[in-house]
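> pasting the sequence and the predicted coordinates here, then a few questions.
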Amino acid sequence: MSCSDHQSPSTRSLSEVSEDELIRLSLDLVAAARQNIGFLRDVADSHWLHHTPVLVESLRRYHELWMPMMADLMAELGGKPPMIVPPLDVEWVWFCHTLNPVVYKQYCDSRFSKLIGKPTIFNEENKDYALERCKERWISKYPSESFENEANSDDLHTSNILEMDYLLGEISKQRCLLTKFSKPYMLELVYLIAAKNRYKGFLFILQRFADSSNSFVPTLDVLLMWITHKSYPTAYAIDAKEMEDSMNKVIESAESVTEEDLAEMKKLWERVFDQPYEKAGCPAIDDVKPLIHWEVTDTDVNVKYRPLLPRFLLEVNMLVRQTPTTKTLQMDVSKEFLRFQFLRCHRDFKINNPTSAIPADSWRKVVDLYCEFGTKGMVVELRRKGGVCINGSKLIESKTFMWNELLRAPSITLDGVIGRRFRVFVSITPPAQAPYLLKSVPDRVTDDSGAMVSEVILKMNQYRPQDGRWLSRTVLDHAGRECFVIRMRIAGGVWRRGSNKPTVVKREDRCIEIREGSWSYIAGSIGKAPEKVIATATPNTPSNEHRAAWSFSTGHELFISTDMQFNLKTSTCNDSHIQLLTGRHFQYRNDENIQNNNDDVVEEGFVTIVRYSEENITGRATGLINWKLSAVEFMPEEDAAFVLLLSMTILRSVTEMKKEDIGSLLIRRRLKEANHGDRDWGSVFVCESGLKSVYVKPWYWNAKEVMAREGVEYGIKSYSVEECGDELYKQALFG
């Protein structure tokens, strides 16, 4: 049956539906969902949990020990679940079992004649206490049974596997469940509150149209709430008592969704609530590879660097459709179009959509992207072609959607009407921290004190000669803000007219240092480096199998071979091992880019930082370096100073090995950058669009084009005699 055949309540937005009409939930779904995401992360990190012998033992412990103990304790407490939490392996089996409420209820009724419920413990400290209480009860009731799963590869008992076939299949099916809910914004309260409200709206529709529809497709946020709801069996049984048969029509697996099912669900939602069904962060079918890799950030070790500001990304969806009044307005729309652009950070970004392509009976998605929170918001303009310029246009009307306003809106959505003829529906996800982006650019030569070598400084020092010569580079963040200064020692001594000239220092003295902060400018672009040195790298004498060796103040030692293989050793005690891989790997790999170009050429200059630990035995990329372009991207858990040292020492080493200025180290002036706000680095990522701009894709897909500077690359013809000529620096850099 088509959506138009349904008898539905009068059209109104979800926020306008009264609480009396919606299902009352007996569970704090927001707290429970947040708890479940954390639990799924623990399961995903526990690789031992997914080995077959361990799973079989977990099933035995669940059936023979945990469930009987829970039944006994519930009897003692008058039917209430005890406030205890089982060991992780048992909790995982229990979680998977509850996701099929019908089977779980039959199991409980047949074995215990009652439904075994789960306690609602959402505080982490309370959960730790509940786990300890469970351990005490467990040891008391089963003194010969270990509280922890101690199975190994030799412990595979096949006698009961046939009985457990169903649960083994369920556990296998849910193993990758976290990948659906791993986006960092899903832990934000504003997202979860909106998800709970949309779940109640989903149940509202399910109640009224279950008899006339064969299937209901949940969006990702609704699916999260439904799974969470089911994982608390007693609460779910109470809340969904009158909808048990209807719930069987909800499609849980993306593989089972057809285009017809999804189209029908969209029409139904739009008809009932007068809003698009899918919104930012809430797709109905989540099987598309995301454009960017975005992980939950537990720790940010870079908060100690005050000049370094974190990046926050959000997802934006914008949809448009005609209003009912459009049909009554007779006008020529062939020259009209809607323009979408940001308030800040990327003024060059524009999406133009002809109004003739906007449908009257459905929503059309025109914007699907990720952007930085610093973009502030998006402006929608109704424009007409024509004007003074050949390709010009005239503004008819505009409407601005601010991110802060959206975060305060119900379901994190807003809509508005522009030109009386078009409705615009905007949705965002809560902003969440993203990887840092830093690049170092050439700057003036400095002396031993950190002051730039110039006539201005000489006058300030009453023409006392400046001692020492250091190549200096300024580190800029994604928005072009200065946050660090990198200095490489080249020469000692002073310059005086006549015979005195700086001379190259010994190889072991050609250290690299990183200073925290921006330049203290005295006159124009002349200034002094910040005083605080946060990290250094000192060259060592390499062994026979290596061409370069460095010691870092961070406790690391870097060795580089002729064939660009890296060996990184550390003297610090931590739980992870670091490996540097030449090229782009893991989430940074772009197969399409490689297929269209020479593999070696595309990967040249890239180095991926990979960390291995007990939780990530296959490795996890935490950063990407392009030493040739002096650009880095890294997770908040990686120290900025360490990543910058890696980038600069590799560049210095390769420059010396090839005796060629590969990374523009000989440039000793600040080169022109794109104007701040025109197209800030990493400020916009467009998912699907006809836009060909390399600036709206991940920078490492087209690194050379994205990092290219404005104007002529090498505009410097000569330097002052005090700064010294190229020969001095070539002698130090080329060896």
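Happy to help now that I have it.
> show me the contact partners of stretch 130-140.
Stretch 130-140 is contacted by residues 65, 69, 73, 82-87, 119, 121, 145, 147 when judged by Cβ atoms under 8 Å, 6 or more residues apart in numbering. C-beta here means a position set from N, CA and C on the backbone, and glycine is covered the same way.
> of the residues you listed, keep whichever come out buried.
Buried members of the contacts of stretch 130-140, counted by 16 or more other Cβ atoms under 10 Å: L65, M69, L73, P82, M83, I84, V85, P86, P87, P119, I121, F147.
> which strands and helices sit next to the one helix or strand the second one maps to?
Read it as M69. Element membership for M69, per DSSP states H and E: helix 67-76. If you count contacts as 3 or more Cβ pairs under 8 Å, 6 or more residues apart in numbering; DSSP states H and E, helix 67-76 packs onto helix 101-112, helix 124-141.
> buried ones in that helix?
Buried residues in helix 67-76, counted by 16+ other Cβ under 10 Å: M67, M69, M70, L73, M74.
> just stretch 363-376 next, same as before
If you call a residue buried by 16+ other Cβ under 10 Å, then stretch 363-376 has these buried ones: W363, V366, V367, D368, L369, Y370, C371, E372, F373, G374, T375, K376.
> grab the nearest non-local neighbour of the second one.
On the basis of Cβ to Cβ, 6 or more residues apart in numbering, the spatially nearest residue to V366 that is not a chain neighbour turns out to be N353, at 4.9 Å.
> so what strands line up beside the helix or strand encompassing the one you found?
Under the criterion of DSSP H and E, N353 resides in strand 351-354. For strand 351-354, the paired strands and their directions (DSSP bridges) are strand 336-342 (antiparallel).
> neighbouring contacts of the strand it pairs with?
Under Cβ under 8 Å, 6+ apart, the answer for strand 336-342 is 318, 320, 347, 349-356, 358, 366-367, 371, 375-385, 393, 396, 418, 422, 424, 683-684.
> what do you get for stretch 349-365?
Taking Cβ under 8 Å, 6+ apart as the rule, stretch 349-365 contacts 266-267, 270, 276, 317-322, 326-327, 333-334, 336-342, 366-367, 382, 421-422, 425, 679, 684, 689, 691, 693, 695-696.
> in PyMOL, how would I select the buried members of these?
Here is the PyMOL command that selects the buried residues among those (16+ other Cβ under 10 Å):
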select buried, resi 266+267+270+276+317+318+319+320+321+322+326+336+337+338+339+340+341+342+366+367+382+421+422+425+679+684+693+695+696
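> inside strands: which ones of the contacts of stretch 349-365?
Of the contacts of stretch 349-365, the ones assigned to strands by DSSP state E are 317-322, 336-342, 366-367, 382, 422, 425, 684.
> residues in contact with V316?
A280, V367, D368, L369, Y370, C371, M378, V426, S427, I428.
> low-confidence ranges, the stretch 601-735 of the chain, go.
Residues of the stretch 601-735 of the chain that meet the criterion pLDDT under 70 lie in 601-602, 689-690, 709-717.
> mean pLDDT and distance to I625 added to the helices and strands packed on helix 67-76, as CSV?
Putting the helices and strands packed on helix 67-76 into CSV (pLDDT from 0 to 100; distance: least, Cβ to Cβ, whole Å) gives the following:
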stretch, mean pLDDT, distance to I625
helix 101-112, 94, 50
helix 124-141, 94, 36
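> follow-up on the earlier one: right, and out of the buried residues of stretch 363-376, which lies closest to S449?
Comparing those against S449 with Cβ to Cβ picks out G374 as the nearest, at 35.1 Å.
> would you confirm that the closest one contacts C345?
Yes: between G374 and C345 there is a contact at 5.3 Å, judged by Cβ atoms under 8 Å.
> overlap in contacts of the two?
Shared contacts of G374 and C345 (Cβ under 8 Å, 6+ apart): A479, D680, S683.
> would you turn the contacts of stretch 130-140 into a markdown table with distance to L407?
As requested, these are exported to a markdown table (distance: Cβ to Cβ, whole Å):
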| residue | distance to L407 |
| --- | --- |
| L65 | 46 |
| M69 | 45 |
| L73 | 43 |
| P82 | 39 |
| M83 | 35 |
| I84 | 38 |
| V85 | 33 |
| P86 | 37 |
| P87 | 39 |
| P119 | 33 |
| I121 | 29 |
| E145 | 49 |
| F147 | 44 |
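> widest-spaced pair of these?
Using Cβ to Cβ, the two most remote members of the contacts of stretch 130-140 are I121 and E145, lying 23.1 Å apart.
> re the thing from before, now render the buried residues of helix 67-76 as CSV, adding pLDDT and distance to M243.
Shown next, in CSV, are the buried residues of helix 67-76 (pLDDT from 0 to 100; distance: Cβ to Cβ, whole Å):
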residue, pLDDT, distance to M243
M67, 96, 26
M69, 96, 31
M70, 96, 26
L73, 95, 30
M74, 93, 25
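> out of those, flag the one nearest to S256.
Among the buried residues of helix 67-76, M67 lies closest to S256 (Cβ to Cβ), at 29.8 Å.
> nearest spatial neighbour of the closest one, skipping sequence neighbours?
I116 (6.2 Å).
> I figured the one you found hits C108, correct?
Yes: with contacts counted by Cβ under 8 Å, I116 reaches C108, the gap being 5.1 Å.
> and the residue lying closest to Y370 once chain neighbours are set aside, what does it touch?
In space, not counting the residues next to it along the chain, Y370 is nearest to F685; the distance is 4.3 Å by Cβ to Cβ, 6+ apart. Applying Cβ under 8 Å, 6+ apart to F685 gives the contacts L291, I292, L369, Y370, C371, V696, K697, P698.
> distance between the ends of stretch 321-338?
11 Å (Cα to Cα, to the nearest Å).
> rewinding a little: neighbours of the residue nearest to V366, just the number please.
By other Cβ atoms under 10 Å, 18 other residues sit near N353.
> roughly how far is the strand holding N353 from the heart of the chain?
Computed by Cα atoms, centre = their mean, to the nearest Å, the separation of strand 351-354 from the middle of its chain amounts to 28 Å.
> same question, stretch 131-143
Relative to its chain's centre, stretch 131-143 lies at 40 Å (Cα atoms, centre = their mean).
> can you give the domain ranges for the chain?
The chain breaks down into these domains under automatic domain parsing: 3-273, 301-434, 436-673+709-734.
> start and end of the shortest one, how far apart?
Distance between the boundary residues of domain 301-434 (Cα to Cα) amounts to 14 Å.
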